[in-house]
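Peer 1: Next one to model:
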Amino acid sequence: MQKTIDFDKPVFRPQNNPESQHSTFKYGKKLNKQCSIVLEALQRGEHLTTASALIKYGIGDLRRRIKDLKDIYKIEKIESKRIPNDNYHEYFLNQD
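Peer 2: Model (predicted):
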């Protein structure tokens, strides 16, 4: 017996490009858990690095979460600065 597929039922899976991902979130998926954690920390005034996000919040790829917040959720106030003499960036919200 062959299985039938209901094409009218929405399926939410991670997409492979920003346009598809944006459509997925636009039609029913809210801010994912790690993005929510990062955004709340930034809104509290924290300055996050990849190491601090991993240690404090268990977020293994802060750069990807920042990119998601900027591209998918259109949060443009997130900025970064390179720490002098070190090879990492610090992310924070621009309060202007």
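Peer 1: Give me the contact list for stretch 83-96.
Peer 2: By C-beta atoms under 8 Å, 6 or more residues apart in numbering, the surrounding residues in contact with stretch 83-96 are 42-43, 45-51, 62, 66, 77-82. For every residue, glycine as well, the C-beta is placed using N, CA and C.
Peer 1: do the same with stretch 57-69
Peer 2: Taking C-beta under 8 Å, 6+ apart as the rule, stretch 57-69 contacts 32, 34-35, 37-39, 41, 48-50, 53-54, 75, 78, 80, 91.
Peer 1: Taking those, please make a ChimeraX selection of just the buried ones.
Peer 2: To isolate the buried members of these in ChimeraX, using 16 or more other C-beta atoms under 10 Å:
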select :34,35,37,38,39,41,48,49,50,53,75,78,91
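Peer 1: Tell me the one of the contacts of stretch 57-69 nearest Gln2?
Peer 2: Asn32 (34.7 Å; C-beta to C-beta).
Peer 1: Look up the closest residue to the closest one, ignoring the ones flanking it.
Peer 2: Asp68 (7.5 Å; C-beta to C-beta, 6 or more residues apart in numbering).
Peer 1: Pull the number of nearby residues for that neighbour.
Peer 2: Each residue near Asp68 was counted by other C-beta atoms under 10 Å, and the total is 21.
Peer 1: Output the below-cut-off pLDDT ranges for the protein.
Peer 2: Low-confidence regions of the chain, defined by pLDDT under 70, span residues 1, 3, 5-30, 96.
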